[in-house]
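1. Here you go, sequence then predicted model.
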Amino acid sequence: MIKIGAYNELTIIKQVDFGMYLDGYEEGEILLPRRYVTNDMQVGQKVSVFLYFDSDDRLIATTQKPKAEAGQFASLKVIDTNKAGAFLDWGLPKDLLVPFNQQKIPMKQGYGYVVYIYQDNISERLVASSKLDRFLDIEEASYKVGDKVDLLIAERTDLGFKAIINNKHWGVLFPSEVFGDMGIGKKCKGYIKQVREDGKIDLTLTQVGYGKIDALAERIVQTMKLHQGYLQLSDKSSPEQIAKILKMSKGNFKKAIGQLYRKKLINIEDNGIRLID
């Protein structure tokens, strides 16, 4: 069975002037347009393709990589709106529709929104929804304190930032856990800090079990997490640059990185510091 809105391994069954036809099993022959055909493709070969519906609602194959697949959450930008809804750029020729009834708030052109992509049961079309609650916390969470997880920052609330954990559950990053730039749509690694009795999950950007490091050292670690584990800051950096990025003095910065280095949590390089994974 093929999966629409996802990658499939399909066999090339014939070549025509305008592309190649693939064996789509129960869906019949599926066209891979000529612009996606490479010189090494030949009849009988299996190819990895993404399946979606084109502007004429025909099932079509592509070797282009979309920004997200069906069953995933993603932050996508609205490039147009009309009476049907909002249209998102997801990296394919046909834009992704968010019907009006699937918009948590009315979407505006030029803005980015976190959405869930799925195949509508009635129309069978690929669509998206910003009403995220209906797609999360469906199954019981089984995380343990300290588990490393993938996060997608989806909402900002009075409590802090709501993040999608591993594409499945809600979690919260409280303001005390956030240092540096953090915005809606940001992807980062995090850790389970606490699973409450009511099932709600607290998150942290700092690896649980780092040991007792003071607040300034923890701030550096969390900021590094937001910058792929590296900061271009050193004892040669100006006090102004350190204050702008870390909100601390140069003296405190040097003391904190010394502590992190002694605990073997960072490497000190010529022009910066790098987190040890």
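-> The structure has been received and is ready for your questions.

2. Next, please give the residue ranges for the strands of the stretch 1-150 of the chain.
-> Secondary structure of the stretch 1-150 of the chain (DSSP state E, counting those that start in this stretch): strands at 7-16, 19-23, 29-33, 46-53, 59-62, 73-82, 85-89, 96-99, 112-119, 126-129, 148-157.

3. Please compute how far the fourth one lies from its chain's middle.
-> Pointing back at strand 46-53 there. Offset of strand 46-53 from its chain centre (C-alpha atoms, centre = their mean, to the nearest Å): 22 Å.

4. coming back round to it: okay if I get the strands of the stretch 1-150 of the chain as JSON lines plus distance to Asn39?
-> Bear in mind the C-beta positions are built from the backbone N, C-alpha and C, glycine included. Output for those, formatted as JSON lines (distance: least, C-beta to C-beta, whole Å):
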{"stretch": "strand 7-16", "distance to Asn39": "12"}
{"stretch": "strand 19-23", "distance to Asn39": "12"}
{"stretch": "strand 29-33", "distance to Asn39": "14"}
{"stretch": "strand 46-53", "distance to Asn39": "13"}
{"stretch": "strand 59-62", "distance to Asn39": "18"}
{"stretch": "strand 73-82", "distance to Asn39": "32"}
{"stretch": "strand 85-89", "distance to Asn39": "30"}
{"stretch": "strand 96-99", "distance to Asn39": "31"}
{"stretch": "strand 112-119", "distance to Asn39": "32"}
{"stretch": "strand 126-129", "distance to Asn39": "30"}
{"stretch": "strand 148-157", "distance to Asn39": "37"}
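
5. so which of those gets nearest Phe135?
-> Nearest to Phe135, of all these, is strand 112-119, at 4.5 Å by C-beta to C-beta.

6. contacts for the closest one?
-> Identification of contacts with strand 112-119 by C-beta atoms under 8 Å, 6 or more residues apart in numbering yields 4-5, 68-78, 88, 90, 96, 98, 107, 125-130, 132, 135, 152, 154-155, 164, 184-185.

7. what do you get if the cut-off is 7 Å, keeping everything else the same?
-> 4-5, 68-78, 88, 96, 98, 107, 126-130, 132, 135, 152, 154, 184-185 (C-beta atoms under 7 Å, 6 or more residues apart in numbering).
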